[in-house]
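[1] starting from these lines, generate the structure:
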Amino acid sequence: MDLIYVINKIISDIKGRSAINSVFWILVEKFIKILLGLFLLSYLTRYLGVDNYGLYSYVISFVAVLSPLSSLGLEETLVQQFISNKKDSFKIISTSFYLRVIGFFLMFLITIIILYFSNLNQFTNTLIIVFTTATFFSSFAVIEYFLLSVNAAKEIFIARTISYFLNFLFVIFCICFQKSLIWIIGAFLLQNITYAGLLLFNSRKMIKFNFYIFDYKIARKLLLLSAPLMFSAFSFYLQSNIDQIMLKEMLGLTELGMYSTAFNLLSMFVFIPNIFQRAFFPSIINLKNKSKNLFYSRIQDFYKFLFILFLFSVLPFIFFSNQISYFFFGNEFSETPFILSILSFRLLYVYFNVARVTFFISIGMQKFILFTIFISSIINIILNYYLIPIYGVYGAIFSTYLSSFLDIFFLDVFFKKSRQNSKMIFNSIFSFWKISFLNPSNEKSNNNRC
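    Below you'll find the predicted structure:
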């Protein structure tokens, strides 16, 4: 495989120098985030111990499941709207900000109702309320989507990086001075306030932010466009986090602490396929309108490429799980190495799902994505309910694998338009070394045939 050709091919697929710069800043920001995240994960697990880290993970998972109510699925919709309606950009910013504020208060109200009827102790309730409050300042992320639409990723990079470092330093301060868990949860509040303030400051010359503008027509249009994405995000977060919530409720904090350390370490690698998706997506959309054969060939290549990335990602966790677990978490998390080695195969679902979503969005099957992830989420909950009491943590892992298989492969077989996706997944696993765009002559021949 010619690495130079691969890099050149990716760059050629991204239109314009400003877009290349945007991908560069996004990549650097993700690298800094994962580096700081690994340090914090190691420090926090050793400082908090198994039970307190389990409680920490439970709070984050609890709020994550409800977070789509705050974001309203506006992320993808806003970038598209800013690009297609440049004249109304300021109205869209202000209107979408108020929509997200309304969404936050809806999320906060539902959280209070759930906590009122739950049997959680007062300390856990307080942690959840503090963490939920931090999501209010995520409403200012509408500025981030505007900056993305004008390829101003550097401003986002600066704001994110400073907020990451501030969060990192604050958590280290809490550890050094032996502060309680509520201080550490409060670090997220500090990070979001800092990020919101820096976004406003960095975009002050590009955006005339008017807090008095709310356009009902724009609001209605945004809500109609984003509603399917909100439900899709809710299903995704439910599928990703419900196992941790149910582990705490059915087994306890110790088991959750063992499981969540492995889960959170693996989550650091989720961003990898998304970086390549950003690079390939523009060319995939263009190919769909030019050549059907080349379009399917490129999607197939993307699947194979992500499978190769998966192999490089998963092998260290399989063969060196004991060393990795001891390095990051110490001896207290005794069950984590085996959990880590088994759970690492979950990355295959994460990587393949990026290609699957890219394919279905390209052919206009967004509703099918929502349908399959909703079905798999429900099945995941049912399986967790029956398997966790019997098999413990490993019951949760088995539930995740079975529901993931249903989501990205099995359900696709029963529908004609999606059946091709199952074939591409099968081919990518059993012939991953045959990637056509890694050979320039093969790609030219494909173009000639088309």
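
[2] low-confidence stretches in this structure?
    Within the chain, the stretches with pLDDT under 70 are 1-23, 76, 208-211, 278-283, 285-286, 289, 434-450.

[3] phi and psi next, for the nearest residue to M230 once chain neighbours are set aside.
    Closest residue to M230 apart from its sequence neighbours, by CB to CB, 6 or more residues apart in numbering: G73 at 3.2 Å. Any C-beta I mention is one placed from the backbone N, CA and C, and that applies to glycine too. G73 adopts backbone torsions of phi 70, psi 20, taken as degrees, to the nearest 10.

[4] what sits closest to V150 if chain neighbours are left out?
    M206 (7.2 Å).

[5] and for the one you found, the neighbour number?
    13 (other CB atoms under 10 Å).

[6] quick check, the residue nearest to M230 in contact with L229.
    Yes - between G73 and L229 there is a contact under CB atoms under 8 Å: 3.3 Å.

[7] setting aside sequence neighbours, what's the nearest residue to Y259?
    Nearest residue to Y259, sequence neighbours excluded (CB to CB, 6+ apart): V393, at 4.8 Å.

[8] typed the wrong thing, it's Y303
    S428 (3.7 Å).

[9] how far does the host helix or strand of the one you found sit from the chain's center?
    Using DSSP states H and E, S428 sits in helix 416-430. Counting by CA atoms, centre = their mean, to the nearest Å, helix 416-430 is centred 24 Å from the centre of its parent chain.

[10] what residues of that helix count as buried?
    S418, N421, S422, M424, I425, S428 (16 or more other CB atoms under 10 Å).

[11] residue contacts, the residue nearest to Y259?
    Contact partners of V393, counting by CB atoms under 8 Å, 6 or more residues apart in numbering, are L247, L251, E255, M258, Y259, E335, I339.

[12] one step back: now render the buried residues of helix 416-430 as CSV, adding distance to G37.
    Output for the buried residues of helix 416-430, formatted as CSV (distance: CB to CB, whole Å):
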residue, distance to G37
S418, 34
N421, 32
S422, 34
M424, 32
I425, 29
S428, 29
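
[13] closest to L287 among those?
    M424 (14.8 Å; CB to CB).

[14] by contact count, what packs against the strand or helix carrying I26?
    Element membership of I26, judged by DSSP H and E, is helix 17-66. The contact analysis (3 or more CB pairs under 8 Å, 6 or more residues apart in numbering; DSSP states H and E) places helix 17-66 against helix 89-117, helix 122-134, helix 153-176, helix 181-202, helix 216-250, helix 253-267, helix 271-290, helix 321-329.

[15] these: which one's closest to I143?
    helix 181-202 (4.5 Å).

[16] how about the closest one: buried residues?
    Under 16+ other CB under 10 Å, the buried positions of helix 181-202 are 181, 183-196, 198-199, 202.

[17] before we move on, the earlier item: just want the angle from the helix holding I26 to helix 181-202.
    150 degrees (axes from the mean of the first three to the mean of the last three CA atoms, to 10 degrees).

[18] the next helix or strand after helix 17-66 packs against which elements?
    Proceeding C-terminally, helix 17-66 gives way to helix 68-71 as the next helix or strand, assigned by DSSP H and E. The contact analysis (3+ CB pairs under 8 Å, 6+ apart) places helix 68-71 against helix 89-117, helix 216-250.

[19] start to end distance for stretch 138-158?
    End-to-end distance of stretch 138-158 (CA to CA, to the nearest Å): 16 Å.

[20] related to what we said a few turns ago, which of the three states applies to the residue nearest to V150?
    coil (DSSP: H, G, I helix; E, B strand; the rest coil).

[21] next up, the contacts around the closest residue to N264 other than its chain neighbours.
    Residue nearest to N264 in three dimensions, not counting chain neighbours: L41, with 6.0 Å by CB to CB, 6+ apart. Applying CB under 8 Å, 6+ apart to L41 gives the contacts T261, N264, L265, M268, F328.

[22] identify the farthest-apart pair in those.
    Of all pairs drawn from the contacts of L41, the greatest distance, 11.8 Å, lies between T261 and M268 (CB to CB).

[23] which of the two has more neighbours?
    T261 (27 against 15).

[24] what is the burial count for G73?
    22.

[25] tell me the spacing between it and L198.
    25 Å (CB to CB, to the nearest Å).

[26] what of I92?
    Counting by CB to CB, the gap from I92 to L198 is 21 Å.

[27] now do G103
    Counting by CB to CB - G103 and L198 are separated by 22 Å.

[28] cool, and F432?
    Distance of F432 to L198, computed by CB to CB: 42 Å.

[29] likewise S163?
    7 Å.

[30] R46: what's it in contact with?
    Contacts of R46 by CB under 8 Å, 6+ apart are F329, G330, E332.

[31] turn these into a markdown table, columns for distance to D51 and neighbour count.
    Listed next are the contacts of R46 as a markdown table, based on distance: CB to CB, whole Å; neighbours: other CB atoms under 10 Å:
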| residue | distance to D51 | neighbour count |
| --- | --- | --- |
| F329 | 14 | 25 |
| G330 | 15 | 14 |
| E332 | 10 | 14 |
